[in-house]
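J.: coordinates for the following, if possible.
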Amino acid sequence: MIRRVGEHAVVLGAGMGGLLAARALADFYDRVTIVERDDLSGEGREPRRGVPQGFHAHALLPRGLRIIEELFPGVTEEMVAAGAVPYEMIVQVRMIMEGNEFARSPTGEQGVSATRPFLERHVLDRVRRLPAVTVRDRSQVTGLMTDAASGTARVAGVRIAAAGRAGDDEELPADLVVDVMGRGGRTLAWLETMGFERPAEEVVKVEVSYATWYLRLPPGAVKDRLVLVGTYPGQPKGAALCQVEGDRWLATLGGNAG
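T.: All right, here's what the predicted structure looks like:
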C-alpha cells in the first residue's frame, strides 16, 4: 500500500526530469502541478526553448527505457508504433571509445532511438492522463512562498505568472516544491533571500563544442542503428549518428578543448 505524504506537490519544469518526478509524486500526493514556461500545446516536433539540448543527439538506453516503461506501461510500444527506432545494445550500436570498437555480442537489452522532442511528447502525453497531475504551461515561476507562521523560513509554495507578464502573480501553495528547471532556475538566489546559505559549487570546465543536423540516407547505407565515436587524448573529435523517427538520421559532430 502506497503511503500518502501530502496534499499538493509542485514541480518546476516539464523536461524529462520534471515529467518523471511528477509521475513518481502522483503516487504520494493528492495533487501534483507541473509549472512550465514554454508552450506545450504543439505536437512536439521541434525543440523548445526550455530544453537547449533538444536539437542534439539523444538515445534512450536500455536501463532508462525499462524505468520509463515501469512508470508508463506500454509507452515503448506506443513510441515504436509512432516511429521510434528500437535497437539491441551493442549488437546494433557501433561504439568506438579510446579508438577501439566494442566487440559485438547479443545482450537482449533493448533501447530506443528518437529525437528529444519526440520522447518528451510521448512521456508528457502519458503524464497528462494521470488524474492527479495538472500541467500549467506558459507559466513563469516568479518566486517562492514562505510560511511565516512556522516561525522559521520554510518554503510553502511558489508564485507564478503568465509567461512574460511578471507582476500579475498567482500564489500556488504546496507541501513540496521540486525544482527541475536546470541552469535557468533561480531557486538558489531565492533561498538566499530567505536567509539560507548558498551551497558551495564546484565547477569543472569541459570545453565541449558540437553541432547537429538531420540527414536522409539511402536504405542500407549504414548497417547500424547508432554509431558513437568518443574523444580521447590525442583525438579531441567525436561523433554520433542516430537513426530516428521519420526515416531520418541525426548527426552530431563535436570536439573538446577548442
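
J.: every contact and neighbour count from this point should use C-alpha atoms.
T.: Noted.

J.: CA atoms of stretch 9-26 as CSV?
T.: Taking Å, rounded to 0.1, in the frame of the first residue of the first chain, the C-alpha atoms of stretch 9-26 are listed here in CSV:
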residue,chain,number,x,y,z
ALA,A,9,3.3,18.9,-4.7
VAL,A,10,4.6,21.4,-7.3
VAL,A,11,7.2,20.5,-9.9
LEU,A,12,9.0,23.4,-11.6
GLY,A,13,9.9,22.4,-15.2
ALA,A,14,8.4,20.0,-17.7
GLY,A,15,11.6,18.4,-19.1
MET,A,16,12.2,14.7,-18.7
GLY,A,17,13.3,15.2,-15.1
GLY,A,18,10.1,17.2,-14.3
LEU,A,19,7.8,14.8,-16.0
LEU,A,20,9.2,11.7,-14.3
ALA,A,21,9.3,13.5,-10.9
ALA,A,22,5.6,14.3,-11.4
ARG,A,23,4.8,10.7,-12.2
ALA,A,24,6.6,9.5,-9.0
LEU,A,25,4.9,12.1,-6.8
ALA,A,26,1.5,11.3,-8.1
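
J.: and it, average pLDDT?
T.: Averaging pLDDT along stretch 9-26 gives 96.

J.: check which residues of it are buried.
T.: 9-16, 18-23, 25-26 (16 or more other Cα atoms under 10 Å).

J.: stretch 168-182 too?
T.: Buried residues in stretch 168-182, counted by 16+ other Cα under 10 Å: 169, 171, 172, 173, 174, 176, 177, 178, 179, 180, 181.

J.: mind picking the lowest-pLDDT entry from those?
T.: Model confidence across the buried residues of stretch 168-182 bottoms out at residue 169, which has 85.

J.: run a quick neighbour tally on the spatially closest residue to that residue that is not a sequence neighbour.
T.: Leaving out its chain neighbours, the residue that sits closest to residue 169 by Cα to Cα, 6 or more residues apart in numbering is residue 161, at 4.7 Å. Neighbourhood size, residue 161 [other Cα atoms under 10 Å]: 19.

J.: just residue 33 next, same as before
T.: Count around residue 33 with other Cα under 10 Å applied: 21.

J.: what does the one 5 residues further on give?
T.: If you count neighbours by other Cα under 10 Å, residue 38 ends up with 18.

J.: how about it: what's its closest non-neighbour residue?
T.: Nearest one to residue 38, counting by Cα to Cα, 6+ apart, is residue 138 at 5.1 Å.

J.: the stretch 1-150 of the chain: helices as residue ranges?
T.: Remark: helices assigned in the stretch 1-150 of the chain by DSSP state H, counting those that start in this stretch are 16-25, 62-71, 75-81, 116-128.

J.: quick one on the thing from earlier: can you put the buried residues of stretch 168-182 in TSV and add distance to residue 234 and secondary structure?
T.: Output for the buried residues of stretch 168-182, formatted as TSV (distance: Cα to Cα, whole Å; DSSP: H, G, I helix; E, B strand; the rest coil):
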residue	distance to residue 234	secondary structure
169	54	coil
171	54	strand
172	53	strand
173	54	strand
174	52	coil
176	48	strand
177	45	strand
178	42	strand
179	39	strand
180	37	coil
181	36	coil
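
J.: no more questions from me, cheers.
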